[in-house]
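Enquirer: Quick one, fold the following:
(chains A, B, C and D)
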2 protein chains.
Amino acid sequence: MLSCNPGPLFQKVMPISPSSEICRDSMISEDAICSLARLIGDPDKARARARKLASLMDQIESEDCEGEVEVFKAAADPCRFRILKLLKEGELCVCEIMAALKKPQSSTSHHLSILREAGLVKERKDGKWSYYRLADGAVIEMVKHARAVKKK
Amino acid sequence: MLSCNPGPLFQKVMPISPSSEICRDSMISEDAICSLARLIGDPDKARARARKLASLMDQIESEDCEGEVEVFKAAADPCRFRILKLLKEGELCVCEIMAALKKPQSSTSHHLSILREAGLVKERKDGKWSYYRLADGAVIEMVKHARAVKKK
DNA sequence: ATTATATATCGGCAAATATTGATATGATCT
DNA sequence: AGATCATATCAATATTTGCCGATATATAAT
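Expert: All right, here's what the predicted structure looks like:
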């Protein structure tokens, strides 16, 4: 996989080796260390970079990101994104959303359940009707920034 | 599909019918009109609601949302989301990202290309190395709001 | 009670996406 | 030039996701 095996480059930055304290403390892999070998000629920089990478890796392993990913997944579909835009104007019942999207009832309901479980929309039952609305102002902000990203 | 066909409920809100000016002007479907029948006993409210829905539908048909959806799709994957978090701390080369994610080179490169094409990250070439960084502050803001959504 | 209505859920198929080894490209070093 | 290295792209497979008809559930009207 990694073509970056211990070789000439690696030898030159020996101060950072698999046996160094950076490796022991943070479980940083030999491959990772190895990739730092590109900083030839400056072992100090390489060491600093290894430390940084090590701390990033620790952070990544500890934090879970399933929640955020679920939110993005929910918004990452044309139908569901349109639903979010519809709901910006206020709450609507499934019937109306279905009509606006021109999708069958089962599809509409399914998309709504994904949005609901991800926390993007909230449901309010009233008799046999279900009304959906945006869960939070954060949803609108998120969409706004997504648009800003794409603008460039 | 729609069980909401012209029936007793529909008859009661006849003022809003497929032949009304709302229908003609905005291509609002009979199904949509029909779904408004739930506002029985208040044709004025129903008419207002039909107009609102009609304008929402027009808006939805005209605006394209592919850009935003592409941004969300790019962020909606655990690997790619981790990459975004990694890059919050500054630019990294593919080699380091690959090491931090513990994914093969081809996967890492592929994910980076998706992030790049969606506009979330930028690339800088330096010799044989490619350095990636977040494209914009808007990316961080977007992630922040996604987290806020999930917090509840 | 029976029927009609609004929504949710199931199930199977089709389309999209992720994964990864193999190969290609392009840069650097010897 | 030839070898090595970092990254990108290709191609085949595996997994996930969307779609929609059929069915289930629950509420309200008759």
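Enquirer: Using CSV, write out every CA atom in the longest helix along chain A.
Expert: Counting residues, the longest helix found in chain A (DSSP state H) is helix A:43-62. C-alpha atoms of helix A:43-62 as CSV (Å, rounded to 0.1, in the frame of the first residue of the first chain):
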residue,chain,number,x,y,z
PRO,A,43,14.8,16.9,11.8
ASP,A,44,13.4,19.6,14.1
LYS,A,45,10.7,20.5,11.7
ALA,A,46,10.0,16.9,11.0
ARG,A,47,9.7,16.2,14.7
ALA,A,48,7.3,19.1,15.2
ARG,A,49,5.3,17.9,12.2
ALA,A,50,5.2,14.3,13.6
ARG,A,51,3.9,15.6,16.9
LYS,A,52,1.2,17.6,15.3
LEU,A,53,0.1,14.7,13.2
ALA,A,54,0.1,12.4,16.2
SER,A,55,-2.1,14.7,18.1
LEU,A,56,-4.5,15.1,15.2
MET,A,57,-4.7,11.3,14.9
ASP,A,58,-5.5,10.9,18.6
GLN,A,59,-8.2,13.5,18.3
ILE,A,60,-9.7,11.8,15.2
GLU,A,61,-9.8,8.4,16.9
SER,A,62,-11.4,9.7,20.1
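Enquirer: Report the buried residues of that helix.
Expert: The neighbour-count check on helix A:43-62 (16 or more other CB atoms under 10 Å in any protein chain shown) flags A:43, A:46-47, A:49-51, A:53-54, A:56-57, A:60 as buried. Any C-beta I mention is one placed from the backbone N, CA and C, and that applies to glycine too.
Enquirer: Relative to residue A:82, which of these is nearest.
Expert: residue A:60 (33.3 Å; CB to CB).
Enquirer: Excluding covalently adjacent residues, which one is nearest to that closest one?
Expert: Nearest residue to residue A:60, sequence neighbours excluded (CB to CB, 6 or more residues apart in numbering or on different chains): residue B:82, at 5.4 Å.
Enquirer: Tell me who's in contact with that neighbour.
Expert: Counting by CB atoms under 8 Å, 6 or more residues apart in numbering or on different chains, residue B:82 makes contact with A:60, A:65, B:100-101.
Enquirer: Give me the angle between the helix or strand hosting residue A:70 and helix B:66-75.
Expert: Per DSSP states H and E, residue A:70 falls inside helix A:66-75. Counting by axes from the mean of the first three to the mean of the last three CA atoms, to 10 degrees, helix A:66-75 lies at 150 degrees to helix B:66-75.
Enquirer: For helix A:66-75, buried residues please.
Expert: A:68-75.
Enquirer: among these, which are in reach of chain B?
Expert: A:68-73, A:75 (CB under 8 Å from any CB of the partner chain).
Enquirer: just for chain A, where's the confidence low?
Expert: A:1-46, A:152 (pLDDT under 70).
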